[in-house]
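Engineer: using only what follows, build the 3D model:
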Amino acid sequence: MTYYIAILEDEEGKAAGLWFPDVPGCFSTADSVEEAMLNAPGALEAHAEVLAELGQPMPIPRSLSELKADPEVAAEMAKYIVALIPFGSAQVRTAAE
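Structural biologist: This is a model prediction of the structure:
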């Protein structure tokens, strides 16, 4: 199974949201952190399906160390929660395949 790292933003008075540094345009929002986390694998699957329809693979997920070395992502990681989200679609290929 593949895992993508997500940045989870949870600010008082706002919906919880998470996004994937390695999957531009893929995100999950909800009323609570728990809901956003539960919805995250489905967001990855839906994004992968759209990419597959366009003939594009899912991006290869970077490791936590690689993301920390990216100044833009590292700044966001310092401010928010980092989560590991499973991605296990048998029908969708990643760029590494």
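
Engineer: list the contacts of the residue positioned nearest the centre of the chain.
Structural biologist: Geometric centre of the chain, nearest residue: F20, 2.9 Å, by C-alpha atoms, centre = their mean. Contact partners of F20, counting by C-beta atoms under 8 Å, 6 or more residues apart in numbering, are Y4, I5, A6, I7, C26, F27, L44, I85. (C-beta placed from N, C-alpha, C; glycine too.)

Engineer: quick one, phi psi at it?
Structural biologist: For F20, the backbone dihedrals are phi -110, psi 110 (criterion: degrees, to the nearest 10).

Engineer: where do the helices sit along this structure?
Structural biologist: 33-53, 64-68, 71-79 (DSSP state H).

Engineer: deepest of those, which one?
Structural biologist: Comparing the helices of the chain on average neighbours per residue, with mean count of other C-beta atoms under 10 Å, the densest one is helix 33-53 at a mean of 17.

Engineer: so where's the chain shaky on pLDDT?
Structural biologist: Applying pLDDT under 70 to the chain flags the ranges 89-97.

Engineer: change it to 50
Structural biologist: Where the chain drops to pLDDT under 50, the residues are 91.

Engineer: quick one: furthest residue from the center of it?
Structural biologist: Outermost residue of the chain (C-alpha atoms, centre = their mean): G13, 22.8 Å.
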